[in-house]
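Engineer: the following comprises the amino acid sequence and a computationally predicted model.
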Amino acid sequence: MRRILLATLLVCSGLVHAAEKLPETDWLSLMPKSDQKALEAMPEITHNTPEGDGNFTHKGGLKQSKGLPAVMYSTKTVPEMNGKDIRIGGYPVPLETDAKGRATAFFLVPYPGACIHVPPPPPNQMILIRYPKGLKLDDIYTPLWAIGTLKIEKVSNDMADAAYAMDASKVRVVVESDL
């Protein structure tokens, strides 16, 4: 029995270690080529709004304002990414916490401060991360690694819309030795 338990632990630790070694997934790989081209051709977006100054005058969180180019609302996904094990870096936008104050659900976004800047990333540049184990988040400007199986899953709530979700097997803070 002890041998079986030891063998299981060794295999599991090897799987966790292998997950850490997954190559980093680039955010643009979550966006179809047509959206990438549209994003490159998009005019400069101004932040001259009350929200851009940090003064929120209406409910909505990361919801997109009306009148932006269509690519900013895109939920188009890359079918090959569905079911793929990935490791992606990004920044948290906390949604749910457990009794100990650890984030158990959050949006992962490609740049820091997406919850206070206008406009937020397109839905195909946001991933809903579910992490029941929870992670203590001291600062939304702290970069994270999320590791798990990516799913094409349209998520919409009062805060934002996302085109992807992940039940993360591991989430951790990016450290200097990762870079």
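Structural biologist: Received, thanks. Residues are numbered from 1 along each chain as shown.
Engineer: how about the contacts made by the most centrally placed residue in the chain?
Structural biologist: In the chain, the residue lying closest to the centroid (CA atoms, centre = their mean) is residue 108, at 2.0 Å. When contacts are counted by CB atoms under 8 Å, 6 or more residues apart in numbering, residue 108 touches 88, 90, 91, 92, 93, 126, 127, 128, 129, 144, 146, 166. (C-beta placed from N, C-alpha, C; glycine too.)
Engineer: just put the residues you listed in CSV and tack on distance to residue 72, neighbour count and pLDDT.
Structural biologist: Below are these laid out as CSV (distance: CB to CB, whole Å; neighbours: other CB atoms under 10 Å; pLDDT from 0 to 100):
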residue, distance to residue 72, neighbour count, pLDDT
88, 21, 24, 98
90, 18, 24, 98
91, 18, 21, 96
92, 21, 24, 96
93, 17, 26, 93
126, 12, 27, 97
127, 17, 29, 98
128, 18, 24, 98
129, 22, 27, 98
144, 24, 21, 98
146, 23, 24, 98
166, 22, 22, 98
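Engineer: in what helix or strand does the residue nearest to the centre of the chain lie?
Structural biologist: strand 103-109 (DSSP states H and E).
Engineer: now the element after that strand, going C-ward?
Structural biologist: For strand 103-109, the following helix or strand on the C-terminal side (DSSP H and E) is strand 127-135.
Engineer: can you show me the strands along this structure?
Structural biologist: Under the criterion DSSP state E, the chain contains strands at 85-97, 103-109, 127-135, 144-156, 161-173.
Engineer: can you tell me what sits against the last one?
Structural biologist: If I follow you right, that is strand 161-173. Residues contacting strand 161-173 (CB under 8 Å, 6+ apart): 16, 19-20, 30, 62-64, 74-77, 81, 86, 107-108, 123-124, 126-131, 133, 135, 142-156.
Engineer: again, but for the third one
Structural biologist: For strand 127-135, the surrounding residues in contact (CB under 8 Å, 6+ apart) are 30, 88, 90, 92, 95, 97-98, 100, 102-108, 144, 146, 148, 150, 153, 155, 162, 164-168, 171-172.
Engineer: between the two ends of stretch 125-145, how far is it?
Structural biologist: Start-to-end span of stretch 125-145 (CA to CA, to the nearest Å) is 15 Å.
Engineer: in the protein, where is pLDDT below threshold?
Structural biologist: 1-19, 45-66, 115-118 (pLDDT under 70).
Engineer: related to what we said a few turns ago, take the strands of the chain and lay them out in JSON lines including distance to residue 35.
Structural biologist: Output for these, formatted as JSON lines (distance: least, CB to CB, whole Å):
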{"stretch": "strand 85-97", "distance to residue 35": "17"}
{"stretch": "strand 103-109", "distance to residue 35": "16"}
{"stretch": "strand 127-135", "distance to residue 35": "16"}
{"stretch": "strand 144-156", "distance to residue 35": "14"}
{"stretch": "strand 161-173", "distance to residue 35": "10"}
